Structure formats: structure tokens, C-alpha cells
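S.K.: Sequence below, structure please.
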Amino acid sequence: MGTCTVETDANISSGLESNTTGITTFSMPGWQLALWAAAYLVLVLVAVTGNATVIWIILAHQRMRTVTNYFIVNLALADLCMAAFNAVFNFVYASHNIWYFGRAFCYFQNLFPVTVMFVSIYSMTAIAADRQEAEGYIAIVHPFQPRLSAPGTRAVIAGIWLVALALAFPQCFYSTIIMDQGATKCVVAWPEDNGGKVLLWYHLAVIALIYFLPLAVMFFAYSVIGFTLWRRGVPGYHAHGANSQYLQAKKKFVKTMVVVVVTFAICWLPYHLYFILGNFQEDIYCHKFIQQVYLALFWLAMSSTMYNPIIYCCLNRRFRSGFRIAFRCCPWVTPTEEDKMELNHTPSLSRRVNRCHTKETLFISGDVAPSEATSGQAGGPPDGVTSES
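M.R.: So this is what the prediction gives:
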């Protein structure tokens, strides 16, 4: 959250100045703490349950195991871990301004949040730029380039995690436990440098890499995709008859992912601006009201972890069926045979192959959405037509 006496730490698990053990300058009344605790508890329960369900829907059903959906699993896993391992512990730290969780978890808490946030946003970026998926930038704008294979998908996911760990490593390396006027603190004790410029540039670079740069890439990718779909149609396909349904389904998928990206951007923007301001005006952390501001901004940022499952359920037929099956034990949820067929049966497909230019004309019915990807040849069928294991 920042501190008045030690250098501001623009990571997910910074703390405030304290005065005494157990009771700090920023201790709040019990009723206020209970309200914040309830808000964070609801957030964590919805995020963990929703993202775990998304992972189950994809991994437990072969029809759902597609390239796009593997990136969605990666995104859901990152969001689940963010809610489970960062929201709770950082809320306790921010509300009491005392670190209760030991040295090892201090290292973890300064490594993991930046890592999973990087994984989240770059999983979304990979979906936007995916060359195999029919809804991705390369597949729509350059449909005849080589597709992304299953091993390639695993390599991209592994690369995202490795780069994320490398980016967060400096904060973990310089993490330490200190005693500040009788209170235990988990801080990042950066080495002395000329006016703190190294620290400032590191923080700005992290925010640029985990927020502004990938959002700019996705804005460009989805802008070109939208122009291609809404103005010129899909290269290599004619938008008439059954193919018109295909085009509409792809538009629906793009709308879904745009909602996901915009939601993420809105949730995290105030939080990043808060820390950018704190790097230039550190005295803001000394005002008592800043605790309430921080808890509100941190809740908004963490809430991004619970919206994606809701978006998938509302905008995608197969995920909606999956959620009904997953929560069939609830008395108000009644899955149907159609729900089971959505996840377990391959839809009928009539294919005419036009051998000129290796293009295929497809006649399909149904919804194409994040769960509906395929491994066709270059210029081949869109994701959702067949399943890929």
C-alpha cells in the first residue's frame, strides 16, 4: 500500500506505516473491518468457484480442449491463484498493517502477484493474436499463415510463465522482514541508488509491461479484427447462407473477448494510477484516508478475477451448459440433455472443399465461442466446428 518511512513499494503486497504492535495508526473500527472482510470474502468465493468451474468445464470435456481454451485455462488459473493467494493475505496486511505470515511467504507475496497478473493479461493477448484460432488476429487478417500447434501452445504458455517469473524476481530477491516501531513488516528493501531512479524505472516498466503494452496490442488486434469482420468479412469466405451464421458466431466470440479485456482494463487502471502517483508524491501514504482508498482500489483490481466466468456464462452457450451441469446439485439449477450434448457431442458438419487456393467452404450451425476452436488447415474451418484434443 505504500509507507511513510520506507521507500514506496509499487507491488501488490506493500504495507503502511505502523506505530505499535497489534494496533497501528491505520487500525479501523470493528464494524468497518467486518464490512471490508465481507466484501473481500464474497470476491474470493466467487472468483475461486467460478474459475475452478471454468477449468473443470474445459479439461473434463474433450470437445472443449482447444487451443483458445487452453489459454482460457491459463487465464482462469492465474485469476484463481490471484484471488486465493493474494486478495486474502494482502487484505489482512492492508487492514492491520502488520505482517503475520513469516519470511518465506513474504518472498512469495512479492513474487506471485506480479507473476499471475502478467500471466492473466498475456493469456488474453495470446488469444487476441492467436494464429490458429479463427477469431484471432493472424487467423482472420492472415488466414493462410501456419497454425499454432498443440506443442506450440504449451510452449507459449510456458514462456508466459517464465517471463512473468523473471519480471517479478527482483521484488522477491529484495524482499525482507523488518520491525518498524514494534510491528512486523514485509517490505522490498531496494538497494540505494541515485535518487531512487532505478526503483522508479523498474516500477514504471512493470506497469507498462503488465498493463499498458498488452492492452495496446489487444486494442490494435481487436480493432483490425473488428474492421475485418464487420466491414470486409473473413478472408477466404463468403458471408451468405450458412456461412453468415459462421460469421455472426465469430463476431459474438470477439465481442465476448473484448468485454473480458475492457473489464480487466477498467478494474486495474485506478490501482496502477494510484501507485504511479505514489512514486512521485510519497506523502499521500501518510494520510489516514489512504487506507480506505487503497482497500477500495485493491478490491476493484481483485474483482477482475471473478468477472470472466460470469462473462463466459452469460455470453457463451457451451460455458452456460457447463455451469448448469457443474451446479446441478443446486435446487434452482436443472441441466438438460441439450446441455450434456453441448459439451460431449461433436456437431454435424457438412464440408465442401474448394481445392483452389486450399480454401474450404463450411456449412455449420450453432454457436462459435471461446470454447469452440479447431485445428484445421490454413484457411480451414473455424474453431468450434470440430474438437481438438
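S.K.: for the chain, which spans come out with low pLDDT?
M.R.: Counting by pLDDT under 70, the chain has low-confidence residues at 1-27, 130-149, 193-196, 230-246, 282-283, 285-288, 345-389.
S.K.: Mind jotting down where the strands sit in it?
M.R.: Taking DSSP state E, the strands of the chain run over residues 175-180, 183-188, 350-354, 359-363.
S.K.: how about the CA coordinates for stretch 200-212, as CSV?
M.R.: Taking Å, rounded to 0.1, in the frame of the first residue of the first chain, the C-alpha atoms of stretch 200-212 are listed here in CSV:
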residue,chain,number,x,y,z
LEU,A,200,11.1,4.2,-10.2
TRP,A,201,12.0,3.0,-13.6
TYR,A,202,11.5,-0.6,-12.5
HIS,A,203,8.0,0.1,-11.3
LEU,A,204,7.1,2.0,-14.4
ALA,A,205,8.5,-0.7,-16.6
VAL,A,206,6.5,-3.4,-14.7
ILE,A,207,3.3,-1.4,-15.0
ALA,A,208,4.0,-0.8,-18.7
LEU,A,209,4.7,-4.5,-19.4
ILE,A,210,1.7,-5.9,-17.4
TYR,A,211,-0.8,-3.3,-18.4
PHE,A,212,-0.3,-0.6,-21.0
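S.K.: Give me the contacts around that stretch.
M.R.: The contact list for stretch 200-212 (C-beta atoms under 8 Å, 6 or more residues apart in numbering) reads 10, 114, 117-118, 121, 167, 170, 265, 268-269, 272, 275-276, 279. Quick note: C-beta positions are derived from backbone N, CA and C, even for glycine.
S.K.: and the two most separated of those residues?
M.R.: Across those, the longest distance by C-beta to C-beta is 25.3 Å; it joins P170 and A265.
S.K.: if I look at the closest residue to T176 other than its chain neighbours, how far off is M28?
M.R.: In this structure, T176 finds its nearest non-sequential neighbour in A189, 4.8 Å apart by C-beta to C-beta, 6 or more residues apart in numbering. Distance, A189 to M28, by C-beta to C-beta, to the nearest Å: 27 Å.
S.K.: and P270, how many neighbours?
M.R.: Using other C-beta atoms under 10 Å, P270 has 14 neighbouring residues.
S.K.: Ok, the one 4 residues further on next?
M.R.: Per other C-beta under 10 Å, the neighbour tally for Y274 reads 19.
S.K.: That one: what's it in contact with?
M.R.: Contacts of Y274 by C-beta under 8 Å, 6+ apart are V293, Y294, L297.
S.K.: Can you list the buried residues in the longest helix belonging to the chain?
M.R.: Longest helix in the chain by number of residues (criterion: DSSP state H): helix 242-280. By 16 or more other C-beta atoms under 10 Å, the buried positions in helix 242-280 come out as 243, 245-247, 249-254, 256-261, 263-265, 267-269, 271-272, 274-275, 278-279.
S.K.: got it, and stretch 214-232?
M.R.: Buried-residue list, stretch 214-232, by 16+ other C-beta under 10 Å: P214, L215, V217, M218, A221, Y222, I225, T228, L229.
S.K.: same question, stretch 330-337
M.R.: Neighbour-count burial for stretch 330-337, counted by 16+ other C-beta under 10 Å, picks out P335.
S.K.: Show me the contact partners of it.
M.R.: Stretch 330-337 has contacts (C-beta under 8 Å, 6+ apart) with S321, R324, I325, F327, R328.
S.K.: ok, the second one - how many residues close by?
M.R.: Going back to what we said before, that points to R324. By other C-beta under 10 Å, the residues close to R324 number 19.
S.K.: try the fourth one
M.R.: Taking other C-beta under 10 Å as the neighbour definition, F327 ends up with a count of 13.
S.K.: Once you drop chain neighbours, what's closest to it?
M.R.: Distances taken as C-beta to C-beta, 6+ apart put V333 closest to F327, at 4.7 Å, once the chain neighbours are dropped.
S.K.: so what's the residue nearest to T176 up against?
M.R.: Counting by C-beta under 8 Å, 6+ apart, A189 makes contact with V6, Y174, S175, T176, I178.
S.K.: And for I325?
M.R.: By C-beta under 8 Å, 6+ apart, the contact list for I325 reads P335, D339, K340, L343.
S.K.: ok, of the residues you listed, which one's closest to R154?
M.R.: Distance to R154, by C-beta to C-beta, is smallest for L343 among the contacts of I325, at 23.0 Å.
S.K.: how close does the closest one get to F253?
M.R.: Using C-beta to C-beta, one obtains 17 Å as the distance from L343 to F253.
S.K.: Next: A221.
M.R.: Computed as C-beta to C-beta, the A221 to F253 distance reads 13 Å.
S.K.: Perfect, that will be all.
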